[in-house]
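>>> Provided below for reference: sequence and predicted model.
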Amino acid sequence: TGAFCAGAARAETGFYAGADVGGVLTLDTRVKEFVGPVGPDTKMQLDPGVRLGLHGGYRLCDWFSIEGETGVMANTIKSIPGASFDGNPTLANVPFLVNVRLELPHGRCPITPYIGGGGGGSATVLNFDNHIDFNGTRVHGSDSDVVAAYQAFGGIRYAINDHMDVGVEYHYFATTGASYSVGGVGTPNKIGLAGVQSHAITAAFNYRF
């Protein structure tokens with residue numbers, strides 16, 4: 001006796017593209033400087049946020065693919081000890097990554113588990129839409145920095161037909177530290193943050209050409 005999975009046979013090689021959307025939890029991030037020195041335990045707390053990912057690549061065989069990925073991950077800043085602010089300040093990352101994706105060969109089974117990882121960079125954007133008062137200085141506006149970034153991911157996908165898949169993914173994303181410039185304050189004029197670490201759960205869609 002036995003059980004079989006029946007489903008559409010998909011091409012073992014070829015181009016594909018996809019997207020994922022869901023929630024992201026970014027861990028507390030250490031503030032290294034804020035227009036001057038800060039305490040060694042000063043951390044930025046972030047509310048749960050959103051993630052949108054876009055990717056495209058080429059499937060080299062039935063278990064190995066190479067792809068590029070971008071998107072956006074954004075969190076509202078909840079608090080910084082000793083600081084006060086108005087509005088909805090945010091910390092966001094726009095990654096540009098090269099990934100490898102490993103799938104479990106499945107024959108005609110429509111369910112595909114997979115894992116992967118990648119590295120590259122990220123444009124990180126710190127935005128105080130109104131103002132923040134901290135360390136004796138009032139700051140408003142936004143600035144960005146480009147930092148190194150990497151991720152690991154995994155998920156399970158279900159084949160609707162021989163071209164379209166839907167599924168659920170988990171992403172771990174991390175960056176190195178960032179530095180942002182503040183105008184009109186003299187010297188020092190930097191806001192420095194340690195790297196971020198984020199966990200995301202998303203719904204995914206994939207299309208094979």
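Everything's here; your move.
>>> Next up, the contacts around residue 158.
Residue 158 makes contact with 110-112, 165-167, according to C-beta atoms under 8 Å, 6 or more residues apart in numbering. For the C-beta atoms, the positions are set from N, CA and C on the backbone; glycine is no exception.
>>> Kindly list the main-chain dihedrals of residue 104?
Dihedral pair for residue 104: phi -80, psi 120, per degrees, to the nearest 10.
>>> Go through the contacts of residue 158 and name the one nearest residue 56.
Distance to residue 56, by C-beta to C-beta, is smallest for residue 165 among these, at 14.0 Å.
>>> Strands of the chain, start to end?
14-26, 29-34, 43-46, 49-59, 64-79, 84-85, 90-103, 111-134, 137-159, 164-175, 178-181, 190-193, 197-208 (DSSP state E).
>>> Take those and lay them out in TSV including mean pLDDT.
Formatted as TSV, those follow (pLDDT from 0 to 100):
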stretch	mean pLDDT
strand 14-26	97
strand 29-34	94
strand 43-46	96
strand 49-59	98
strand 64-79	97
strand 84-85	88
strand 90-103	97
strand 111-134	93
strand 137-159	94
strand 164-175	97
strand 178-181	94
strand 190-193	93
strand 197-208	97
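>>> I'd like the contacts of residue 158 written out as CSV, with distance to residue 58 added.
Shown next, in CSV, are those (distance: C-beta to C-beta, whole Å):
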residue, distance to residue 58
110, 22
111, 22
112, 17
165, 16
166, 21
167, 19
